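Q: Fold the following.
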Amino acid sequence: MKPIAKQSNKKAAFTIVELLTVMSVIILLIGLLVPGLNLIRRYAKRVRQKAQFHSIGVSLDLFNAEWDGYPPSEALDGAGNPYCGAMKLAEAMVGKDSWGFNTDSDFTAGNATPPLYHNPATLSGRKQYLQLEGANVETIGSLYNPPTPFDPCEAVLCDVYAHRTYTGERKGMPLLYYRANISNTLHSPTTTPLSNNIYNYDDNKDIVALNTYEGEPHLLNPATFYEEIRNKKINIPRPYRADSYILISAGPDGKYGLGADGKTDDVLNYEK
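A: Residues are numbered from 1 along each chain as shown. Just a heads-up that it's a prediction; the model follows:
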């Protein structure tokens, strides 16, 4: 008869060393995965931003084909009031009241009589070049705490990077829009006046002067603007897209322009 093996009363368990080893491995894996996930999220946001630029670009091309020119981007309206490129882009794409662009508009910021916008009688002539879904249309009054130099009812198109506004809501920064002046050949922050350049920094300077939603100053000034859009593949100073327009998103940090290190996370409607 075979002897019966003696059963141990001790239960199997992990030792402290084994537990610490497992925990260390888990911590290392988390340390490796979290940065990767953040990079994926950032890349996905950038793809969304590029997709928004593509939609706007298609709409601007439709506008250009119909009106033989892209929308203007000068900093003022016909009466000399602040009405910058970002707002003229929104008016051309969706209208000042989001009911569509009025075909009688001359970009005078509603100074026509009777008013072209906010008037139900004018709806019959409207054209919607950009669909509202995904357009991220916001009013200046919902983004910035008054007073500002702008009418709080003025519309802008915002990027996909949400930041907390003074109202507590999370919204993107306005997209900066600059139309090229194809009759000019200059590209320099020292040009006097700046409107003699192909692109005019002053077209959106009042938006930039409003700072971020957190109250921090933007990094965009004439020097950084002309450096950021300069085509370094060409020997003479010349911008990218010298015959059309430029769109700028402030990117994840919510600040337009180059940082002190000469780098930026701005997203533009072209690849350098």
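Q: and stretch 208-215, C-alpha only, in CSV?
A: C-alpha atoms of stretch 208-215 as CSV (Å, rounded to 0.1, in the frame of the first residue of the first chain):
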residue,chain,number,x,y,z
VAL,A,208,-4.7,88.9,-31.2
ALA,A,209,-4.7,91.8,-28.8
LEU,A,210,-7.7,90.2,-26.9
ASN,A,211,-5.2,87.7,-25.5
THR,A,212,-6.2,84.1,-24.6
TYR,A,213,-9.3,83.1,-22.7
GLU,A,214,-7.1,82.8,-19.7
GLY,A,215,-5.8,86.4,-20.1
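Q: Next SSE downstream of the helix or strand of the chain with the lowest mean pLDDT?
A: When each helix and strand of the chain is scored by mean pLDDT, DSSP states H and E, helix 16-67 comes last, with a mean of 83. Per DSSP states H and E, the first helix or strand lying C-terminal to helix 16-67 is helix 85-94.
Q: Next, the angle helix 16-67 makes with that next one.
A: Here helix 85-94 points in a direction 70 degrees away from that of helix 16-67 (axes from the mean of the first three to the mean of the last three Cα atoms, to 10 degrees).
Q: Looks like residue 148 contacts residue 142 (just checking).
A: No. Assessed by Cβ atoms under 8 Å, residue 148 is found out of contact with residue 142, at 11.7 Å. (Each C-beta comes from the backbone N, C-alpha and C, glycine too.)
Q: Hmm, residue 257 and residue 227 touching each other?
A: No. Residue 227 lies out of contact with residue 257 (Cβ under 8 Å); the separation is 9.4 Å.
Q: These two: which is more packed in?
A: Taking other Cβ atoms under 10 Å, residue 227 and residue 257 do not tie; residue 257 has more neighbours (19 against 16).
Q: Can you tell me the SS state at the more buried one?
A: Three-state assignment for residue 257 (DSSP: H, G, I helix; E, B strand; the rest coil): coil.
Q: show me what contacts it?
A: Contacts for residue 257 were tallied using Cβ atoms under 8 Å, 6 or more residues apart in numbering; they are 218, 219, 220, 221, 224, 225, 228, 264, 266.
Q: For the nearest residue to residue 270 once chain neighbours are set aside, grab the count of nearby residues.
A: Distance criterion Cβ to Cβ, 6 or more residues apart in numbering; nearest residue to residue 270, sequence neighbours excluded, is residue 240 at 5.1 Å. Residue 240: 20 surrounding residues under other Cβ under 10 Å.
Q: and what of residue 186?
A: Neighbour tally, residue 186, other Cβ under 10 Å: 16.
Q: Ok, residue 141 next?
A: Neighbours of residue 141 (other Cβ under 10 Å): 15.
Q: Distance of it relative to residue 169?
A: As judged by Cβ to Cβ, to the nearest Å, residue 141 and residue 169 stand 12 Å apart.
Q: Residue 63 too?
A: 29 Å.
Q: same deal with residue 116?
A: In terms of Cβ to Cβ, residue 116 sits 29 Å off from residue 169.
Q: okay, those two: which has more neighbours?
A: Between residue 116 and residue 169, residue 116 has the larger neighbour count (other Cβ under 10 Å), namely 24 against 13.
Q: which residues touch that one?
A: 96, 102, 104, 105, 110, 122.
Q: still on that earlier bit, most neighbours, which of the contacts of residue 257?
A: residue 225 (29 neighbours).
Q: okay but residue 214 is in contact with residue 253, surely?
A: No. Between residue 214 and residue 253 there is no contact under Cβ under 8 Å: 10.3 Å.
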